[in-house]
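1. The amino acid sequence is not available; the structure is as follows:
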């Protein structure tokens, strides 16, 4: 554990891939049969790339997202995120890295219905191991992230008062608030119409233009054309990996000219404290734990993100 923490604090060489995967396997044993959800894949993603991961149902793309998002561990192989070997870390350490280094955006938004947009964006800061922000600092950082996605004036709106596209932009703001190494988006336009989908993709493109690393899981070939690179999966293997020719630019809305959501470095890492009863339901919005069965990410428990942990 101490060795892993020391590695996590070591300076990361930006010339190295932010994601480095080598000979990665995820094998599920179901009865007498064996399912190779990932079958020996190798993949590099460099800082500032916008990568679309594509494939039909059962191809392995969701399993890859579970592992890259620190929601699951591979059966064998290596996964390095910003210089830290993730594959052998225990559940507690993966939860810390998941909250601090990965910004999640889900198809179903995963916003808390009874809290407003500002409070939803603040949530990951409550469990971050790298900040000791005051309440006022958290609110200000959350406001900047909301402004970045064009929702500064709707900070006090609940989910029921926001459109689907606006809810997804709140989710993107939430993913930015901890200044993550990567943005990991799982079918972020799956519940949106085509016009709203393009507006949401415009946000991802603008963030990528600022240097953010974006990994987007999609089955939609049209959406994949907004990325810089497409990695295609089938039967647990990578069958294609190529740059996007004639990359499309999304038509953005009023948020396109918003200033970058700069995040200030804060010293003396310390997790913010919350009563346990409040911590468990709120943490689920940013980094849910997954079950250990094949399939997409399941929002089932916040135990890996807040409260006592200890199982690996």
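-> It's in. Only a predicted model underlies this, so the values are computations on that prediction, with no experimental measurement involved.
2. and the gap between the residue of the chain most remote from its centre and residue 82?
-> Most distant from the centre of the chain: residue 32, at 34.2 Å, with distances by Cα atoms, centre = their mean. Note on residue 32: its distance to residue 82, by Cβ to Cβ, to the nearest Å, is 40 Å. The C-beta positions use only the backbone N, C-alpha and C, and glycine is treated the same way.
3. The residue positioned nearest the centre of the chain sits in which helix or strand?
-> Nearest to the mean C-alpha position of the chain, by Cα atoms, centre = their mean, lies residue 104 at 2.5 Å. For residue 104, the element it lies in under DSSP states H and E is strand 102-105.
4. how far is stretch 214-229 from where the chain is centred?
-> Put simply, stretch 214-229 sits 15 Å off its chain's centre (Cα atoms, centre = their mean, to the nearest Å).
5. pretty sure the residue nearest to the centre of the chain contacts residue 182?
-> No - contact criterion Cβ atoms under 8 Å: residue 104 and residue 182 do not qualify, at 9.9 Å.
6. mind listing the strands for the stretch 151-300 of the chain?
-> Along the stretch 151-300 of the chain, counting by DSSP state E, counting those that start in this stretch, strands occupy 182-186, 213-217, 229-234, 237-243.
7. okay if I get those strands as TSV plus mean neighbour count?
-> Shown next, in TSV, are the strands of the stretch 151-300 of the chain (neighbours: other Cβ atoms under 10 Å):
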stretch	mean neighbour count
strand 182-186	24
strand 213-217	25
strand 229-234	19
strand 237-243	13
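8. okay if I get those as TSV plus mean pLDDT?
-> Output for these, formatted as TSV (pLDDT from 0 to 100):
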stretch	mean pLDDT
strand 182-186	94
strand 213-217	96
strand 229-234	97
strand 237-243	97
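9. Please name whichever of these is nearest to residue 25.
-> Of all those, it is strand 237-243 that lies closest to residue 25, at 10.9 Å by Cβ to Cβ.
10. what residue ranges in this protein are flagged as low confidence?
-> 1-10, 129-131, 252-312 (pLDDT under 70).
11. The same query, at a cut-off of 50, please.
-> Where the chain drops to pLDDT under 50, the residues are 1-4, 6-8, 254-312.
12. For it, just list every one of the helices.
-> Using DSSP state H, the helices assigned to the chain run over residues 2-9, 61-68, 91-101, 117-126, 135-148, 164-176, 194-209, 221-224, 276-283.
13. related to what we said a few turns ago, the strand holding residue 104: partners in the sheet, and parallel or antiparallel?
-> The strands that strand 102-105 pairs with in its sheet are strand 182-186 (parallel) (by DSSP bridges).
14. if we can go back for a sec, how about the strands of the stretch 151-300 of the chain in a markdown table, adding distance to residue 57?
-> Shown next, in a markdown table, are these (distance: least, Cβ to Cβ, whole Å):
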| stretch | distance to residue 57 |
| --- | --- |
| strand 182-186 | 14 |
| strand 213-217 | 12 |
| strand 229-234 | 11 |
| strand 237-243 | 15 |
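15. hmm, who's touching the strand holding residue 104?
-> 68-70, 81, 110, 168, 171-172, 174-178, 180-186, 188, 286-287 (Cβ atoms under 8 Å, 6 or more residues apart in numbering).
16. Residue 28 against residue 39, yeah?
-> No - taking contacts as Cβ under 8 Å, residue 28 lies outside contact range of residue 39: 11.8 Å.
17. of the helices of the chain, which approaches residue 233 most closely?
-> Closest among the helices of the chain, using Cβ to Cβ: helix 61-68, at 4.9 Å.
18. packing partners for the closest one?
-> strand 19-30, strand 33-45, strand 50-54, strand 76-81, strand 182-186, strand 213-217 (3 or more Cβ pairs under 8 Å, 6 or more residues apart in numbering; DSSP states H and E).
19. can we see that at 7 Å?
-> Helix 61-68 sits against strand 19-30, strand 33-45, strand 50-54, strand 182-186, strand 213-217, with contacts defined as 3 or more Cβ pairs under 7 Å, 6 or more residues apart in numbering; DSSP states H and E.
20. Those strands: which one's closest to residue 115?
-> Closest approach to residue 115 among the helices and strands packed on helix 61-68 is made by strand 182-186 (21.8 Å; Cβ to Cβ).
21. Measure how the closest one sits relative to helix 164-176, angle-wise.
-> Computed by axes from the mean of the first three to the mean of the last three Cα atoms, to 10 degrees, the angle separating strand 182-186 from helix 164-176 equals 150 degrees.
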